[in-house]
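Trainee: Build the 3D model from these lines:
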Amino acid sequence: MKTEHFIYWWNLENLFDVANSKERPEWLQKKIKRELKGWTSSVLDKKIANIASILEKLNGGKGPDILGVCEIENEAVVQRLMDKVGKVLNRTYKVLHHNSNDKRGIDIAIIYDTKKYTDDGHIFTLEVMKRNATRNLFQVNLTTIAGNELILIGNHWPSRLGGQYESEPYRMMVGEILSYWIERIHDIKWEQNSVKNPAIIVMGDFNDEPHDRSLTEYLRSSPNIEKVKNSTSHILYNLMYQFLGGKFGTHVYGNEIGLLDQFIVSKSLIVNSSNYPFQVKGTEIIHYPEMVKGDYNTPIRFSRPSRRDYNPKGFSDHLPIKLVLEE
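Mentor: You can find the predicted model right below:
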């Protein structure tokens, strides 16, 4: 009997802990004190409630099996969110997280249902240096009940602050390093277990479009499924090209609809073969009516009380994306 796995990614837009959190190191407290003005326990509670209301609707009201998130401050605030979701859905979620040296203290986390997966007790992170540290590349390895391994790599690439093309070299650098990292995963899996094509899901907010050079030339991802299937090297398949030119993106800047959030997968997930346990069955941008507004279906952001665009009825400035795997 085949099993479906419902995997989601969502940039949660500055899910910070409370302004005076004991979890926050002193250097970061000084750095973001001004922008967290007014970020009280009640504001955080509202932000969590809004995000939770969406997570509880996913997967036909069953919630995510696996969830990757970015722009979160620490493990405690994510666990608080997932405990709330888990209580409603009768699911127990485990949060995997690592504190990065990001200058604003925002990190990546990967969350999973403990009744459906186990982790190997390890997390793998890589800090890519430009003038300052970037957000870490964040990898976890999960094993399904059937005993098959999924390798998930969460990403939050350098922003376009200062201009798309001026900042592009930083994202190219991260793409190149991630491509090498994926080569090493293949090598290690072959050396350890003679696994030729491990199941790898690269997901994240890449701050570039699927067709941008950081993703096509440096990460080596492609929209050409036959090219990926027939390649003897480790080219990845980008699942998001189908949404280009559509009414919904994952982010809107001005009147430009963007696809910054993406699922990119290894060859083994798109080849229909008994040699590979997983098969991609579908990808989607989640856009419930309460989450978007206007002619461009702009995500309704929550923002912060210190900003003019603070909206306690909002969610995030990004929309979540969904990947369904069949095992």
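Trainee: So Asn207, which state does it fall into?
Mentor: Under DSSP: H, G, I helix; E, B strand; the rest coil, Asn207 falls in the coil class.
Trainee: So for stretch 253-265, what gets flagged as buried?
Mentor: Ile257, Leu259, Leu260, Asp261, Gln262, Phe263, Ile264, Val265 (16 or more other CB atoms under 10 Å). Just so you know, the C-beta spots here come from the backbone N, C-alpha and C atoms, and that holds for glycine as well.
Trainee: Just the CA trace of it, in PDB.
Mentor: Output in PDB follows, covering the C-alpha atoms of stretch 253-265 (Å, rounded to 0.1, in the frame of the first residue of the first chain):
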ATOM      1  CA  TYR A 253       7.000  43.200  -4.500                       C
ATOM      2  CA  GLY A 254       5.100  46.200  -5.800                       C
ATOM      3  CA  ASN A 255       3.200  44.800  -8.800                       C
ATOM      4  CA  GLU A 256       5.700  42.000  -9.500                       C
ATOM      5  CA  ILE A 257       4.600  38.500  -8.600                       C
ATOM      6  CA  GLY A 258       7.600  36.400  -7.500                       C
ATOM      7  CA  LEU A 259       8.400  32.700  -7.000                       C
ATOM      8  CA  LEU A 260      11.100  33.100  -4.400                       C
ATOM      9  CA  ASP A 261      10.000  30.000  -2.400                       C
ATOM     10  CA  GLN A 262      10.700  26.700  -4.200                       C
ATOM     11  CA  PHE A 263      11.000  23.000  -4.000                       C
ATOM     12  CA  ILE A 264      13.900  21.500  -5.900                       C
ATOM     13  CA  VAL A 265      14.400  17.800  -5.900                       C
END
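Trainee: any idea of the mean pLDDT in it?
Mentor: Averaging pLDDT along stretch 253-265 yields 96.
Trainee: Distance from it to the middle of the chain?
Mentor: In terms of CA atoms, centre = their mean, to the nearest Å, the centre of stretch 253-265 is set 12 Å apart from its chain centre.
Trainee: for stretch 186-195, same thing?
Mentor: The answer for stretch 186-195 is 26 Å, by CA atoms, centre = their mean.
Trainee: Which stretches in the stretch 151-300 of the chain count as strands?
Mentor: 200-205, 221-222, 236-238, 251-253, 256-258, 261-265, 279-285, 292-293, 298-299 (DSSP state E, counting those that start in this stretch).
Trainee: got JSON lines for the ones you listed, with distance to Lys116 too?
Mentor: Formatted as JSON lines, the strands of the stretch 151-300 of the chain follow (distance: least, CB to CB, whole Å):
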{"stretch": "strand 200-205", "distance to Lys116": "15"}
{"stretch": "strand 221-222", "distance to Lys116": "27"}
{"stretch": "strand 236-238", "distance to Lys116": "24"}
{"stretch": "strand 251-253", "distance to Lys116": "29"}
{"stretch": "strand 256-258", "distance to Lys116": "32"}
{"stretch": "strand 261-265", "distance to Lys116": "19"}
{"stretch": "strand 279-285", "distance to Lys116": "16"}
{"stretch": "strand 292-293", "distance to Lys116": "30"}
{"stretch": "strand 298-299", "distance to Lys116": "29"}
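Trainee: between those, which gets nearest to Val95?
Mentor: Of all the strands of the stretch 151-300 of the chain, strand 200-205 sits nearest to Val95, with 16.0 Å by CB to CB.
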